[in-house]
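A.B. asks: please find the sequence and the predicted model below.
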Amino acid sequence: MEAISGFVEGPLLWAAWIVFIGGSIIRLISFFRRAKQRDKIVFQNFRWKYVLLTWLRFLLPFNQTVAKNPVFSILGYVFHLCLIVVPLFIVAHIMYWEESVWGWSWYSLALPDSWTPVLTWIVIGIGAVFFIRRLVRPEVRILSKPGDYLLVIVTILPFLTGFLASHTSFLSDYMRTIHILCGELMLVLIPLTKLSHYMLFFPSRMVIGVEWGRRGYVA
């Protein structure tokens, strides 16, 4: 088991980060190449004013999407916020990063220990709601492919296994390794699947904002 854990936390972890970072860069380069070929007029009329206003409109809960579907829109905001905050600011992850990567730490920004399980279960709970919504809402189910269901599960698993590893004795000898494997799987899949929207959100909305802005109104 020690050999497996060493491989998972060593070479496999670095490989996952390489795929994540390299794949993300490639996806961004590919996006801008296609955009410049297909939307030349957008780049000729580029204005930061259009871009920033569009980003703010989509990032803040004051747009038509929220007005049309406020419950699921707010759940989406909370889900994505916790999805980012929990992995980056829980004490265990900060300490692991400090021990593994040149002593770099942001411990002063760590979340209180009492917040971690609450935010973790918020991610799991909202993720389960999104999964069930895809199953029961006809207008969402018709647009959903098997991969969409799988990606919801992949997103939730690191949080579920992380909670089990730190708060229970369930598979205590293996759960830490399983948790890291789930995180590595998610890292690898992010640039290769629809999860890449974490980075493509900004450039895609940039193109939309400039296109609409040059026509006289902001997206």
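C.D. replies: All right, it came through fine. Remember, it's a predicted structure, so these values are computed and weren't measured experimentally.
A.B. asks: which residue is the nearest non-sequential neighbour of the spatially most central residue of the chain?
C.D. replies: Computing the C-alpha centroid of the chain and ranking residues by C-alpha atoms, centre = their mean puts residue 198 first, at 5.3 Å. Leaving aside its sequence neighbours, residue 198 sits nearest to residue 190 (C-beta to C-beta, 6 or more residues apart in numbering; 6.6 Å). C-beta: built from backbone N, CA, C; applies to glycine.
A.B. asks: what's the spacing between the one you found and residue 17?
C.D. replies: From residue 190 over to residue 17 the distance is 11 Å, taken as C-beta to C-beta, to the nearest Å.
A.B. asks: what about the two, which has more around it?
C.D. replies: The neighbour count for residue 190 versus residue 17, taken as other C-beta atoms under 10 Å, is higher for residue 190 (23 against 13).
A.B. asks: what sits against that one?
C.D. replies: Contacts for residue 190 (C-beta atoms under 8 Å, 6 or more residues apart in numbering) come out as 20, 23-24, 196, 198.
A.B. asks: buried ones among the residues you listed?
C.D. replies: Among the contacts of residue 190, the ones that count as buried by 16 or more other C-beta atoms under 10 Å are 20, 23-24, 196.
A.B. asks: for the residues you listed, which one is nearest residue 90?
C.D. replies: residue 20 (19.1 Å; C-beta to C-beta).
A.B. asks: for that closest one, which residues are in contact?
C.D. replies: 187-188, 190-191.
A.B. asks: looking at those residues, which are in helices?
C.D. replies: 187-188 (DSSP state H).
A.B. asks: between the contacts of residue 20, which is closest to residue 38?
C.D. replies: Closest to residue 38, out of all of the contacts of residue 20 and judged by C-beta to C-beta, is residue 191, at 21.3 Å.
A.B. asks: next one: the closest one relative to residue 55, how far apart?
C.D. replies: 21 Å.
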